[in-house]
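Peer 1: below: sequence and its predicted model.
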Amino acid sequence: MISAKKGENCIRWLCALSMVLCWACVKPDGPGTPLGTLHIDYGSDVYVNKGKGHEGMTIYSGDNVVTWDGTIVYVNFPDGGFVQLDQKTDPDFRKWFEHGKCIIGAFFRFGRAYGETGSDCDILVNDRHLEAVARTKFNIETDDHRSILTVIQGIMLLRMQGSEVPVHASQQVVISRNRVKEVRTLSPEELREVTIWRHEYVRLGWCCADRKVFQSDPDECSRRGGFFSYDERIVRSRCQPPEPSGFCCQDGRVFESSRDECIRRGGSFFRTGEEAERQCRPPVRLGWCCADRNVFQSDPDECRRRGGFFSYDERIVRSRCQPPEPSGFCCQDGRVFESDRDECIRRRGAFFSTYNEARRKCQPGIE
């Protein structure tokens with residue numbers, strides 16, 4: 001692996017010897033060429049070339065940027081790309097043109113970083129274990145023993161033994177001394193875990209979304225289409241629900257509401273409370289009724305009016321509504337049939353305990 005300092009020497013003599021197509025064969029911008037701008041996201045312990053760094057500071061090609069405990073910074077590039085450095089991270093930055101293409105090199109000794117390429121320049125990531133060209137969103141973590149490279153979006157090209165090996169979106173590669181130790185595809189949840197360090201020091205404020213106030217970071221509130229502020233009072237004053245413009249009837253209950261809220265809850269909207277109360281009747285739940293030895297669907301009041309037995313369980317009603325076993329015989333208009341006394345009398349017949357008696361007396365005109 002070629003270090004930053006050795007890379008400059010390599011540029012001088014390799015390009016003089018041959019036209020080999022390698023990353024070292026480039027025309028670098030000299031020291032002092034503006035490369036980007038420093039933005040301090042959190043903390044204040046950042047140093048540029050061993051001097052204290054500050055917000056808006058220009059970063060030049062050849063500069064070393066170091067972050068210490070509790071400090072996260074961005075190095076923003078003019079084309080919209082950037083590299084975000086976690087705490088305890090120590091890269092050198094270089095800028096050059098390789099075969100007419102702008103390259104920004106980030107040479108890491110240790111630490112963790114997230115990067116996104118812009119419209120003009122690729123980012124070359126280099127440490128003691130790997131070298132890769134990014135046209136993508138990526139996360140890199142490196143120490144003495146290994147590097148972990150995760151491609152969030154797009155593609156990265158690992159330069160190994162004279163060839164370029166592509167690493168695609170959602171893939172994570174573990175490399176030690178230019179040797180691949182592990183490759184795996186991460187789930188969306190695992191990808192979020194890889195970059196969760198970026199939000200470790202995010203300051204929470206207040207968000208109003210869906211007419212609710214809750215604590216949130218600015219990005220989350222924006223994703224939910226809400227209004228964000230670090231001042232809770234401002235958010236709560238902006239998040240008042242609209243004044244009720246009428247009344248809503250829902251499931252037999254009347255309450256003040258706007259038309260939209262009432263419709264959203266599946267209710268019926270009315271302009272006045274009197275109208276809502278007059279028309280807001282709870283829905284009648286039908287059950288089963290046994291009356292006149294017939295089973296039919298009914299509401300409780302109707303079943304009671306017909307002198308029947310009511311239940312919401314059809315099986316119970318049907319079991320209670322079986323006609324009684326015949327207890328004798330009925331004579332009606334000269335015809336004899338099995339019946340109980342009540343049924344026979346209801347049909348204006350003459351009841352007998354035995355069939356023979358009923359048959360003997362069941363003659364027209366005989367009582």
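Peer 2: On my side now, so go ahead.
Peer 1: how many residues are close by E277?
Peer 2: By other CB atoms under 10 Å, the residues close to E277 number 13. Heads up, the C-betas are built off the backbone N, CA and C, glycines and all.
Peer 1: any idea what F329 is bridged to?
Peer 2: E338, F352 (DSSP bridges).
Peer 1: OK, contacts around it?
Peer 2: Residues in contact with F329 (CB atoms under 8 Å, 6 or more residues apart in numbering) are 336-339, 351-355, 357-358.
Peer 1: again, but for E55
Peer 2: 38-40.
Peer 1: ranking the residues you listed by neighbours, who comes first?
Peer 2: So for these (other CB under 10 Å), the most neighbours sit at L38, 20 neighbours.
Peer 1: circling back to that earlier point, of the contacts of F329, just say which sits nearest to G308.
Peer 2: Checking those against G308 with CB to CB, the nearest one is S339 at 21.2 Å.
Peer 1: helices along the stretch 51-200 of the chain, start to end?
Peer 2: 188-194 (DSSP state H, counting those that start in this stretch).
Peer 1: where does the protein dip in pLDDT?
Peer 2: Filtered on pLDDT under 70, the chain yields the residue ranges 1-31, 202-203, 241-244, 282-283, 323-326, 364-367.
Peer 1: okay, now the domains of it?
Peer 2: 4-196, 202-238, 246-279, 287-320, 328-361 (automatic domain parsing).
Peer 1: how long is the last one end to end?
Peer 2: Start-to-end span of domain 328-361 (CA to CA, to the nearest Å) is 14 Å.
Peer 1: got the buried residues for it?
Peer 2: 328-331, 336, 339-340, 343-344, 349-352, 358 (16 or more other CB atoms under 10 Å).
Peer 1: please identify the most buried of the domains of the chain.
Peer 2: domain 4-196 (a mean of 17; mean count of other CB atoms under 10 Å).
Peer 1: chain center to that one: distance?
Peer 2: 31 Å (CA atoms, centre = their mean, to the nearest Å).
Peer 1: I'd say F337 and R347 touch.
Peer 2: No - contact status for F337 versus R347: not in contact, 9.6 Å apart, counting by CB atoms under 8 Å.
Peer 1: need the residues touching each of these two.
Peer 2: Shared contacts of F337 and R347, defined by CB under 8 Å, 6+ apart, comprise C330.
Peer 1: and the gap between the nearest residue to G307 once chain neighbours are set aside and G349?
Peer 2: Nearest residue to G307, sequence neighbours excluded (CB to CB, 6 or more residues apart in numbering): A291, at 6.1 Å. Going from A291 to G349 by CB to CB, to the nearest Å gives 22 Å.
Peer 1: before we move on, what about Q363?
Peer 2: As judged by CB to CB, Q363 and G349 stand 14 Å apart.
Peer 1: likewise Q161?
Peer 2: For Q161, the distance to G349 - CB to CB - is 110 Å.
Peer 1: got it, and W68?
Peer 2: 108 Å.
Peer 1: sorry, back to before: can I get the contacts of E55 in a markdown table with secondary structure?
Peer 2: Formatted as a markdown table, those follow (DSSP: H, G, I helix; E, B strand; the rest coil):
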| residue | secondary structure |
| --- | --- |
| L38 | strand |
| H39 | strand |
| I40 | strand |
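Peer 1: any idea which of those residues is closest to F97?
Peer 2: Set against F97, the nearest of the contacts of E55 by CB to CB is L38 (23.2 Å).
Peer 1: hmm, V46 and the closest one touching each other?
Peer 2: Yes - the criterion here is CB under 8 Å, and L38 meets it with V46 at 7.3 Å.
Peer 1: overlap in contacts, the two.
Peer 2: Common neighbours of L38 and V46 are listed as 53, 65, 73 (criterion: CB under 8 Å, 6+ apart).
Peer 1: now, those that are in strands?
Peer 2: 65, 73 (DSSP state E).
Peer 1: which of the shared contacts of L38 and V46 lies closest to F247?
Peer 2: Nearest to F247 among the shared contacts of L38 and V46, with distances taken as CB to CB, is V73, at 56.6 Å.
Peer 1: what residues does the closest one make contact with?
Peer 2: V73 touches 38-41, 46, 53, 65, 67, 84-85, counting by CB under 8 Å, 6+ apart.
Peer 1: swap in 10 Å and give it another go.
Peer 2: By CB atoms under 10 Å, 6 or more residues apart in numbering, V73 lies in contact with 38-46, 48, 53, 55, 57, 59, 65-67, 83-87, 89.
Peer 1: on that earlier part again, distance to Q279 for the shared contacts of L38 and V46 - can I get that in CSV?
Peer 2: CSV is the format used below for these (distance: CB to CB, whole Å):
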residue, distance to Q279
G53, 70
V65, 71
V73, 65
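Peer 1: doesn't G267 make contact with D260?
Peer 2: No - assessed by CB atoms under 10 Å, D260 is found out of contact with G267, at 11.2 Å.
Peer 1: hmm, back to that, out of the buried residues of domain 328-361, who's nearest G287?
Peer 2: Proximity of those to G287 (CB to CB) peaks at E343, which lies at 26.1 Å.
Peer 1: helix, strand or coil for that closest one?
Peer 2: E343 falls in the helix class when you classify it by three-state DSSP.
Peer 1: that one reaches D292, doesn't it?
Peer 2: No - E343 is beyond contact range of D292, at 11.1 Å (criterion: CB under 10 Å).
Peer 1: next up, the contacts around the closest residue to R265 other than its chain neighbours.
Peer 2: Spatial nearest neighbour of R265, excluding adjacent residues (CB to CB, 6+ apart): Q250 at 5.7 Å. By CB under 10 Å, 6+ apart, the contact list for Q250 reads 257, 262, 265-269, 280, 282.
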